[in-house]
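**Q** Just to be clear, the model below is a prediction. Sequence and coordinates:
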Amino acid sequence: MPRIAEHCAPGGWRHAGDPYTPTCAWPDDCFVQWGGNGVVLSASKGTYRTAFFEAFPTDPATFIRGEGATVAEAEAQAFAAFERHRACPGHEFERRGYTNGAGFCKHCGLFASKAFEPTTLCHVCQAPTNHSCGQATDPESGERRTFWYCEAHAHLRRGNGHANALDRWLVEDEKEQPPGTPAQQGVESEGGLTD
Ligand SMILES: [Zn+2]
Ligand SMILES: [Zn+2]
């Protein structure tokens, strides 16, 4: 039996309004939740029913969402995807337009949130990151673009302002030191090299 979200389990609000018990052989450590199964009024599609079932397996670690006219149908769709992932002879990921490092297996469609390094680079240190970002006008090109920041440099983003040349130069300077070397020691060894 998978781990069922509190609101879907007996005693939860979803269960009270629309009880459902998963029927597929999800692993015990797989988290699942579901919803919908309600009437949707749409001007273009008329009236239709929709439901979804979401699973978060750990092996392979992924997120699967199934959709259907009923929760049972949505669960069956999600489980078919899970079985496809597990039967895959070897995942080979492609980005499919995602810049945040997420990828999809070209054989079985498996979604992995960290298949790659992000393609977006920290505005300060140029490390691949998707930690945090802000939109602003680039002072160099005059165009509006997204500025990205890694975890270590997120504090250099100030509201709508972005790290300036001086901030970046100071960080660039820190980067010169071998990792883990205290600042003082770094200066000393640099002095030794110039002798
Ligand atoms: Zn695969
Ligand atoms: Zn950085």
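**A** The structure has been received and is ready for your questions. The shown structure was predicted, so the numbers you read here are calculated from the model rather than taken from an experiment. Ligands and ions are numbered 1, 2, ... in the order given.
**Q** Around ligand 2, pick out the residues from this structure.
**A** Within the chain, the positions adjacent to ligand 2 are 122, 124, 125, 150, 153 by Cβ under 5 Å from the ion. (Each C-beta comes from the backbone N, C-alpha and C, glycine too.)
**Q** Can I get the buried ones among those residues as something I can paste into ChimeraX?
**A** Buried residues within those, by 16 or more other Cβ atoms under 10 Å, are selected in ChimeraX with:
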select :122,124,125,150,153
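**Q** want to throw the residues of the chain next to ligand 2 into JSON lines with pLDDT and secondary structure?
**A** As requested, those are arranged in JSON lines below (pLDDT from 0 to 100; DSSP: H, G, I helix; E, B strand; the rest coil):
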{"residue": "122", "pLDDT": "95", "secondary structure": "strand"}
{"residue": "124", "pLDDT": "92", "secondary structure": "coil"}
{"residue": "125", "pLDDT": "92", "secondary structure": "coil"}
{"residue": "150", "pLDDT": "95", "secondary structure": "coil"}
{"residue": "153", "pLDDT": "93", "secondary structure": "helix"}
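**Q** and the residues of the chain next to ligand 2 as JSON lines, adding distance to ligand 1?
**A** Below are the residues of the chain next to ligand 2 laid out as JSON lines (distance: Cβ to the ion, whole Å):
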{"residue": "122", "distance to ligand 1": "31"}
{"residue": "124", "distance to ligand 1": "36"}
{"residue": "125", "distance to ligand 1": "33"}
{"residue": "150", "distance to ligand 1": "30"}
{"residue": "153", "distance to ligand 1": "35"}
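**Q** ok, now which ones touch the one residue sitting closest to the centre of the chain?
**A** Geometric centre of the chain, nearest residue: residue 113, 4.8 Å, by Cα atoms, centre = their mean. By Cβ atoms under 8 Å, 6 or more residues apart in numbering, the contact set of residue 113 is 63, 100, 101, 102.
**Q** again, only this time at 7 Å
**A** By Cβ atoms under 7 Å, 6 or more residues apart in numbering, the contact set of residue 113 is residue 102.
**Q** now it: how far from residue 125?
**A** 23 Å (Cβ to Cβ, to the nearest Å).
**Q** Likewise for residue 63?
**A** For residue 63, the distance to residue 125 - Cβ to Cβ - is 30 Å.
**Q** check contacts around the spatially closest residue to residue 3 that is not a sequence neighbour.
**A** The shortest distance from residue 3 to any non-neighbouring residue, by Cβ to Cβ, 6 or more residues apart in numbering, is to residue 31 (4.7 Å). Counting by Cβ under 7 Å, 6+ apart, residue 31 makes contact with 2, 3, 56.
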